[in-house]
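Q: Here is a sequence together with a model predicted from it:
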Amino acid sequence: MDKSTADTLIQSALDAQKRAYCPFSNFPVGAALQTASGRIYQGVNVENASFGLTICAERVAAGAAVAAGDREFTAIAVVSRGGVSPCGACRQFLAEFNPNLPIEMVDSLKPSEVHHATLDQLLPGRFEGPT
Ligand code: THU
């Protein structure tokens, strides 16, 4: 992805991160997902007193895009302390729509240090459905 796209997505993910609902982990995550239409869908982690119901920022962003009828995912930025990479569940969820999705991972405390990967690097041999 070009630098200006990456910068736009990272800024959007940093903006979203402020709205994370994470009273249990105190680990806010922001995501910004771009589609072929050029639109950007933000996501944040949404936690719950019943911990297992928590939804990651990446899946919230993906759900927002799909709900808007925008399924052609082209890039995602994920921002957190330490710049973590998407969990296994989110990798599988995103791969449904683009198994080669470019991913920018950013430490919110050092936003200029960007780690890049593609989804196929993070999730080789994904489950593609029942045979
Ligand atoms: N989390 C995300 O939102 N995305 C990730 O990629 C990793 C984990 C959230 C889930 C939970 O609210 C918190 O981070 C700690 O695991």
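A: Here it is on my side, so go on. All of these numbers come straight from a predicted model, not from anything done at the bench.
Q: From now on I want contacts and neighbour counts done on CA atoms only, so please keep to that.
A: Fine.
Q: I'd like to know which residues of this structure are adjacent to the ligand.
A: 22, 25, 27, 29, 45, 47, 54, 56-57, 85-87 (CA under 6 Å from any ligand atom).
Q: which residues touch the residue nearest to E47 when sequence neighbours are not counted?
A: The shortest distance from E47 to any non-neighbouring residue, by CA to CA, 6 or more residues apart in numbering, is to T54 (4.2 Å). The contact partners of T54, taken as CA atoms under 8 Å, 6 or more residues apart in numbering, are 45-48.
Q: ok, of those residues, which come out buried?
A: By neighbour count, with 16 or more other CA atoms under 10 Å, the contacts of T54 hold 45-47 as buried.
Q: CA-only coordinates of the longest helix belonging to the chain, as CSV, when you get a sec.
A: In the chain, taking DSSP state H as the definition, the longest helix is helix 3-17. Written as CSV, here are the backbone C-alpha positions of helix 3-17 (Å, rounded to 0.1, in the frame of the first residue of the first chain):
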residue,chain,number,x,y,z
LYS,A,3,2.5,5.7,2.2
SER,A,4,-0.4,8.2,2.0
THR,A,5,-3.0,5.4,2.3
ALA,A,6,-1.1,3.9,5.2
ASP,A,7,-0.9,7.2,6.9
THR,A,8,-4.6,7.9,6.5
LEU,A,9,-5.6,4.5,7.8
ILE,A,10,-3.2,4.8,10.8
GLN,A,11,-4.6,8.2,11.7
SER,A,12,-8.1,6.8,11.5
ALA,A,13,-7.2,3.8,13.7
LEU,A,14,-5.6,6.2,16.2
ASP,A,15,-8.8,8.3,16.3
ALA,A,16,-10.9,5.2,16.7
GLN,A,17,-8.7,3.8,19.5
